[in-house]
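**Q** need a structure here:
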Amino acid sequence: MKTNKKGFTLIELLVVIAIIGILSSIVLASLGSARNKGKDAAVKGGLSSMRAEAELKSSGGSYDAICGTTAATGIGSQIISISKDARVPVTTIVAATCTSTATGWAAQLPLASTTLTSWCVDSSGASRETTTAVGFLTPATTPACPAAASA
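**A** Residues are numbered from 1 along each chain as shown. Here you go, the predicted structure:
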């Protein structure tokens, strides 16, 4: 008399569950880096669109009040909004910065993918990743993004 048992053994089920667990951990790890890249893209896009707003709000080519937080004169509230929307951590080493003088402005926000870099835009049209704070051009009164580090 033949007996055919249908079904899986306990060991077969445990092996399948282990394989599924390993694959899901790999997928979750890659999702974390994709999430940070999305946050970085939000920061870069927000700061780039903010440049146009800053030019509109400059009064006769003077950028004195550009970094203010009032909606009528400044883009400071825009930087805060971009930071909150992208959920950039506030404990990063490079802080959010906006500096303006009569001759120019520069703003930077930390990137989510690393704790040492930030994205910087300025009134000269520069947009770049940097590891240092906003500096000043040769007339010491014009804020600018720091030059990219040479390799």
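
**Q** For the rest of this, base every contact and every neighbour count on C-alpha atoms.
**A** Fine.

**Q** can you pull the contacts of residue 79?
**A** Neighbour list for residue 79: 47, 96, 109 [criterion: Cα atoms under 8 Å, 6 or more residues apart in numbering].

**Q** Make CSV out of these and add distance to residue 102 and secondary structure.
**A** Shown next, in CSV, are those (distance: Cα to Cα, whole Å; DSSP: H, G, I helix; E, B strand; the rest coil):
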residue, distance to residue 102, secondary structure
47, 20, helix
96, 21, coil
109, 22, strand
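
**Q** need the next SSE after the least confident helix or strand in the chain by mean pLDDT, C-terminal direction.
**A** Among the helices and strands of the chain, strand 135-136 carries the lowest confidence by mean pLDDT, DSSP states H and E, at a mean of 68. Heading C-terminal from strand 135-136, the first helix or strand you meet, by DSSP states H and E, is strand 143-144.

**Q** Show me what that following strand pairs with in its sheet, parallel or antiparallel.
**A** Strand 143-144 has these partner strands in its sheet, going by DSSP bridges: strand 135-136 (antiparallel).

**Q** Show me what secondary structure element comes after the helix or strand hosting residue 12.
**A** In the assignment (DSSP H and E), residue 12 maps to helix 10-57. Using DSSP H and E, the helix or strand that directly follows helix 10-57 along the chain is helix 76-85.

**Q** buried ones in that following helix?
**A** 76, 78, 79, 82, 83 (16 or more other Cα atoms under 10 Å).

**Q** tell me the least confident of the contacts of residue 79?
**A** Lowest in pLDDT among the contacts of residue 79 is residue 96, which has 75.

**Q** List the residues that contact the residue lying closest to that residue once chain neighbours are set aside.
**A** Once flanking residues are discounted, residue 96 sits nearest to residue 109: 4.4 Å by Cα to Cα, 6 or more residues apart in numbering. Residue 109 makes contacts with 43, 79, 83, 94, 95, 96, 97, 118, 119, 120, as judged by Cα under 8 Å, 6+ apart.

**Q** can I get the residues you listed in TSV with distance to residue 30?
**A** Shown next, in TSV, are those (distance: Cα to Cα, whole Å):
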residue	distance to residue 30
43	21
79	29
83	23
94	25
95	27
96	27
97	31
118	22
119	23
120	27
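
**Q** Can you report how many residues neighbour residue 30?
**A** Residues lying near residue 30 (other Cα atoms under 10 Å) number 10.

**Q** Thanks a lot, catch you later.
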